[in-house]
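# this is a predicted model, with the sequence first.
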Amino acid sequence: MDKISFSAKTKREICHGTPLSSIDRHCRIAELAAVLLTSAEVSAKAIILETENIWLAKRFWQLLSMDFNIRCGINILRRSHRKLIGLTVYGGAAIEKVLNAAGMAKPGETGINRSRIGPLLVNSFCCRRAFIRGAFLSCGSLTHPKSAYHTEFVTVNKNVGDEIKWLLEEFGLNPKTTVRNDRYVVYFKDSGEIADVLNITGAHLALMEFENSKILKEVNNEINRIANCEASNANKTAEAAVRQTEDILLISEKMGLGKLPPHLREAAEIKLDNPEISMKDIGLMMEPPVGKSGINHRFRKISGIAEGLRGNS
């Protein structure tokens with residue numbers, strides 16, 4: 001059996017963890033409206049939802065059955081090598097009842113509102129949460145934090161996308177928007193805000209996995225940063241040690257170490273005899289011992305003398 005994606009697993013958790021029987025009817029209607037506006041084909045004669053997500057299909061069937069006593073027709077479809085679940089509702093009276101409840105029927109008109117959330121649907125905090133939950137189930141996706149921090153809602157209608165953005169902003173979030181392949185995308189890349197979206201939708205187990213992966217990723221990044229820093233420092237130290245030895249050998253060849261001032265000659269001789277030791281250890285071997293800053297100063301003097309000899313050669 002193929003391993004399901006983090007996004008699909010999250011949607012399964014939402015459907016299982018937030019049973020429709022546990023929420024009020026007005027919240028169920030808000031959730032249904034989100035699916036209708038973002039993923040379904042809606043007309044006065046039919047409602048059609050085609051989805052790969054078996055949990056969304058079951059949820060949609062339950063939403064229509066529980067509050068409208070409507071039974072969807074169910075078919076398995078093939079679309080460009082994809083297997084989809086098709087749910088259909090026919091019949092003017094049944095559809096009219098659904099559209100009125102979902103705020104999609106235009107008062108006094110025969111048209112259908114496909115681009116606006118019915119204002120009465122999201123008056124309350126719980127219904128806003130329900131609409132976002134329905135939108136995530138039908139048009140949302142989530143990348144596992146091991147790969148990247150990214151979650152998004154994708155709609156074909158900019159107005160619906162703008163209203164999803166507005167609802168998310170009502171929860172104190174700051175979603176970004178873009179257009180991709182003629183579709184309107186509302187997205188987050190901030191890990192803290194993605195965690196908030198998971199909390200809003202009721203995906204608490206996914207939220208725990210997200211936070212654990214985030215912590216592990218941050219720890220690994222910090223370990224890599226420290227390791228890289230230490231490796232860089234080790235390389236710099238090795239390069240400096242080679243350069244110091246080359247300077248001392250040049251001075252020995254061109255003028256002889258005996259012509260150096262005694263405090264410089266002593267440091268140079270210790271370095272030649274112990275090429276791998278640190279500046280601190282060289283200072284401890286001096287008579288009398290010299291601190292790290294003092295020994296660094298002496299080797300800067302030695303380097304300056306070597307550079308002068310190179311310039312004269």
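Received it, and whenever you're ready, just let me know what you need.
# low pLDDT regions in this protein?
For the chain, residues meeting the criterion pLDDT under 70 lie at 1-2, 106-111, 313.
# how's it carved up into domains?
As given by automatic domain parsing, the domain ranges for the chain are 6-202, 237-312.
# single out the most deeply packed of these.
domain 6-202 (a mean of 17; mean count of other C-beta atoms under 10 Å). For every residue, glycine as well, the C-beta is placed using N, CA and C.
# Lys217 is nearest to which of the domains of the chain?
Shortest separation from Lys217 across the domains of the chain is recorded for domain 6-202, at 6.2 Å, computed as C-beta to C-beta.
# quick check: Ala306 vs Asp281, distance?
Using C-beta to C-beta, to the nearest Å, we find Ala306 at a distance of 22 Å from Asp281.
# ah, wrong one, I meant Ala148
46 Å.
# what of Cys139?
Distance from Cys139 to Asp281, counting by C-beta to C-beta: 65 Å.
# mind giving me the packing neighbours of the helix or strand harbouring Glu307?
Secondary structure assignment for Glu307, by DSSP states H and E: helix 292-312. The contact analysis (3 or more C-beta pairs under 8 Å, 6 or more residues apart in numbering; DSSP states H and E) places helix 292-312 against helix 204-254, helix 262-273, helix 279-285.
# including distance to His16, could those go into TSV?
Output for the helices and strands packed on helix 292-312, formatted as TSV (distance: least, C-beta to C-beta, whole Å):
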stretch	distance to His16
helix 204-254	10
helix 262-273	70
helix 279-285	62
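# which one of those helices lies closest to Gly17?
Nearest of those to Gly17, taken as C-beta to C-beta: helix 204-254 at 6.9 Å.
# turn the domains of the chain into JSON lines, columns for distance to Ile226.
JSON lines is the format used below for the domains of the chain (distance: least, C-beta to C-beta, whole Å):
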{"stretch": "domain 6-202", "distance to Ile226": "20"}
{"stretch": "domain 237-312", "distance to Ile226": "16"}
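# nearest to Ala231, of those?
Nearest of those (C-beta to C-beta): domain 237-312, 10.5 Å.
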